[in-house]
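**Student:** here is my input, please return the structure:
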Amino acid sequence: MPDETIDTLGEPFDADDPVSIDAFWEDAVVTPAGGGAKAAADAILARKGRGSQKAPAKVPISVRYSPEVLEYFKSTGKGWQEKMDEVLKEYVRSRE
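**Tutor:** Below is the predicted model of the structure:
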């Protein structure tokens, strides 16, 4: 009986089936020994064509907003975080 498990998409995976094996390894990323998660993430991003950032990197933070502010920006659709960033930058410019 073949070794059968369920893959991440809920499909049966047969370790004895060459097609299943090829499909499983299709998106694999090989990294140098000891490269760890960062090397794997860098390899995946490089494969997807993401190059170096054209603008300075943004700084990740944790912040709390009032529900109505968050609801408004999320209601503007895709890119709501960028819109919020633009509003805040405009505020900073108006205070300089």
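**Student:** got the end-to-end distance for stretch 63-83?
**Tutor:** End-to-end distance for stretch 63-83, by C-alpha to C-alpha, to the nearest Å: 16 Å.
**Student:** what's the answer for stretch 57-73, then?
**Tutor:** End-to-end distance for stretch 57-73: 22 Å, by C-alpha to C-alpha.
**Student:** so which bits of the lengthiest helix in the chain are buried?
**Tutor:** The longest helix of the chain (DSSP state H) is helix 80-95. Residues Met84 are the ones in helix 80-95 that count as buried (16 or more other C-beta atoms under 10 Å). Where C-beta positions appear, they are placed from N, C-alpha and C, glycine not excepted.
**Student:** tell me what it is packed against?
**Tutor:** Counting contacts by 3 or more C-beta pairs under 8 Å, 6 or more residues apart in numbering; DSSP states H and E, helix 80-95 is packed against helix 67-75.
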